[in-house]
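Quick one: sequence plus predicted model below, questions after.
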Amino acid sequence: MKTFSFFVVASALLCTATVFADDEANLNRVLGSLNARANLPDGKNYVMATVSRETKVPIKTLAAEQSQTGFGFGELFAAHTIAAAGGKSFQEIAALRLKQRKNWSQISQQLNVDITMVTKKARQADMVVDYAYNRSTNRPNSNINMLRDA
């Protein structure tokens with residue numbers, strides 16, 4: 001019976017770890033996309049404006065936080081979204097990330113924040129940037145179908 005219980009607990013822990021790894025990978029993919037869009041010509045303006053609007057943090061504050069932490073725009077978005085949902089400050093989230101070296105899944109779990117919500121909001125912000133950037137440059141929109149389905 002003890003062996004069976006051990007296998008049940010071990011299986012549950014392994015499944016939980018796999019889910020968190022998938023959640024972390026999904027979030028990191030979207031955050032990477034936001035960071036990449038900021039490297040396009042004039043992309044930084046679109047990304048910063050969108051992150052500012054979605055997180056309700058002034059652009060000047062985001063720029064100062066980026067200088068202090070070295071976070072990309074995606075990481076700024078994640079940190080502010082988790083901070084707001086978890087009732088913490090940006091500085092507290094940055095400290096967990098930088099000093100304690102926790103990943104976004106660990107921080108979200110610690111604060112009882114749904115990481116899939118953070119990923120969904122980041123994905124929506126990424127699609128807004130994609131749409132605005134491509135519309136301003138008269139390029140076909142790569143995520144237009146995702147916007148319609150969101």
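Structure's in. What do you need?

For the closest residue to G43 other than its chain neighbours, give me its contacts.
In space, and not counting its chain neighbours, G43 is closest to R37: 4.8 Å by C-beta to C-beta, 6 or more residues apart in numbering. C-betas here are computed from N, CA, C, even on glycine. For R37, the contacting residues are 43, 46-47, 126, 129-130, 133, by C-beta atoms under 8 Å, 6 or more residues apart in numbering.

who wins for neighbours among these?
V47 (30 neighbours; other C-beta atoms under 10 Å).

how about the contacts of R37 in JSON lines, adding secondary structure and pLDDT?
Shown next, in JSON lines, are the contacts of R37 (DSSP: H, G, I helix; E, B strand; the rest coil; pLDDT from 0 to 100):
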{"residue": "G43", "secondary structure": "helix", "pLDDT": "91"}
{"residue": "Y46", "secondary structure": "helix", "pLDDT": "93"}
{"residue": "V47", "secondary structure": "helix", "pLDDT": "95"}
{"residue": "D126", "secondary structure": "helix", "pLDDT": "95"}
{"residue": "V129", "secondary structure": "helix", "pLDDT": "93"}
{"residue": "D130", "secondary structure": "helix", "pLDDT": "91"}
{"residue": "Y133", "secondary structure": "helix", "pLDDT": "87"}
